[in-house]
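**Q** Structure of the sequence below:
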Amino acid sequence: MKIAIFTDTYYPEVNGVARTLKRFTDYLKEHEIEVKVFAPMSDSNEYVSSNIHRFKSLSFFLYPDCRLAFPNMLQIRAELEKFSPDIIHVATPFNIGFCGSYYAKKLNIPLVGSYHTDFDYYLQFYDLQFLSNPLWSYMKWFHRPFQKLFVPSLVTKNQLEDKGFTNIEIWTHGVDCELFNPYYNKAVVRQKYHISKTFTLTYVGRLAPEKNVDILVEIAKALPMEWSEQIQWVIVGDGPSRSKMEDAAPSNMIFTGFLKGTELAEVYAASDIFVFPSSSETFGNVVLEAMASGTPVIGVNGGGVRNIVQEGITGYLCEPGNSKEVMDTILHLLENDGVRNRMGMEGRKYALTQKWDVIFENLLYSYSTVLQDQSKQKYA
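**A** Model prediction:
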């Protein structure tokens, strides 16, 4: 099987879509399955590969991790005809994704896609709610030709089906349990970030309004003094809300910027609680990474996170935007070492079942069913 992937975000971008696609292409290469990626140029030139065709691009204001590229249509067609893929996978609904969909129809190549981001949810944070209906109309039109549309969670599947989308199949995400594990030396992490407090509470992700991260500062300030003096907040990530948060943050909250690889895994492992207030996730990769690291999760009962966290077993789910409930849940976990430890172990146990190899095998099987259906139609 030869696979062409069209995406408006790709490694070395650090968002969940880019990381998932990079892991998938690594898997394909390990299994000697030919793959060609069409993606934007990033701000970093640290990653170059012969199987990636990149195009000049600009950041998309609503979601800077996706790029608005300026693809050369003739180049794309020439590359596709030379590569001759069996199937095209479109991962984003922007310029490059549109090119993939266009040439799949033009060259009669089977077409599948994946839906990773709830852009409609983002509109409210940028005073663009009036665009909701046109956005959904465009998204339905864009995805209509896809023979299968993969979504990362049951929540997202139900949402799209309610909007009239069809041919939807769940493609869940996995986690690298060798990288993300509870066994790092916590003392090294504490020394690195000058942590002297008893407890470490962590957030990992983009710092932007749609992630509801302002609530973290609110909670940190509202915690009782006797507890606040024992807590170190570690905020991992970057984005448009960072400077505002840093200006408002109490002294026990530090900002590390983006971390990846072992540096990121060490922070998860050294944390006592992972606090994730976002309800905009179609999945929530960072939540699964925290669980793999043996860290209990306090998330919100919204988006794809609710399909990952088992209430009262691997963590707790609070109502979106309810800072008091999140704060009370933090205090409950801090007061109960046994509950915290048990949840950490249960989270690790669950994460160990979410193996990328099995997930990618299932995706390839779904590809093969699309190819079989296409073959049947061709010879019918």
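**Q** Please work out how many residues are found near residue 81.
**A** Counted with other Cβ atoms under 10 Å, residues neighbouring residue 81 total 11. For every residue, glycine as well, the C-beta is placed using N, CA and C.
**Q** Begin at 18, not 1, for the rest of this chat.
**A** Yes, from this point I'll number from 18; that puts the last item at residue 98.
**Q** could you say which helix or strand contains it?
**A** Element membership for residue 98, per DSSP states H and E: helix 90-100.
**Q** Just name whatever secondary elements that helix is in contact with.
**A** The helices and strands touching helix 90-100, judged by 3 or more Cβ pairs under 8 Å, 6 or more residues apart in numbering; DSSP states H and E, are strand 19-23, strand 51-57, strand 69-72, helix 112-123.
**Q** If you average pLDDT over each of those, which is lowest?
**A** Lowest mean pLDDT within those: strand 69-72, at a mean of 88.
**Q** Tell me the strands beside that one, with direction?
**A** Strand 69-72 pairs in its sheet with strand 51-57 (parallel), by DSSP bridges.
**Q** Can you pull out the low-pLDDT segments for the chain?
**A** Within the chain, the segments meeting pLDDT under 70 span 60-65, 76-84, 395-397.
**Q** how does it divide up, domain by domain?
**A** Domains of the chain are assigned by automatic domain parsing as 19-191+372-396, 203-368.
**Q** so can I have a markdown table of the ones you listed showing distance to residue 197?
**A** Listed next are the domains of the chain as a markdown table, based on distance: least, Cβ to Cβ, whole Å:
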| stretch | distance to residue 197 |
| --- | --- |
| domain 19-191+372-396 | 11 |
| domain 203-368 | 4 |
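**Q** so of those domains, which one's packed in deepest?
**A** Stretch with highest mean neighbour count among the domains of the chain: domain 203-368 (a mean of 19; mean count of other Cβ atoms under 10 Å).
**Q** and that domain, how far from the chain's centre?
**A** Domain 203-368 sits 16 Å away from the centroid of its parent chain (Cα atoms, centre = their mean, to the nearest Å).
**Q** And stretch 370-386, by the same measure?
**A** So, by Cα atoms, centre = their mean, the centroid of stretch 370-386 is 18 Å from its chain's centroid.
**Q** can you list contacts of that stretch?
**A** 18, 20, 40-41, 44-45, 50, 104, 106, 129, 165, 167, 186, 188-193, 305 (Cβ atoms under 8 Å, 6 or more residues apart in numbering).
**Q** what do you get for stretch 48-56?
**A** In contact with stretch 48-56 (Cβ under 8 Å, 6+ apart) are residues 18-27, 38, 42, 45-46, 66, 68-72, 86, 88, 93, 96, 100, 102, 113, 116-117, 381.
**Q** picking up where we left off before, quick one: closest of the helices and strands packed on helix 90-100 to residue 355.
**A** Closest of these to residue 355 is strand 19-23, at 45.7 Å (criterion: Cβ to Cβ).
**Q** got a list of contacts for the closest one?
**A** Contacts of strand 19-23 (Cβ under 8 Å, 6+ apart): 38, 41-42, 45, 50-56, 97, 100-109, 113-114, 116-118, 126, 384.
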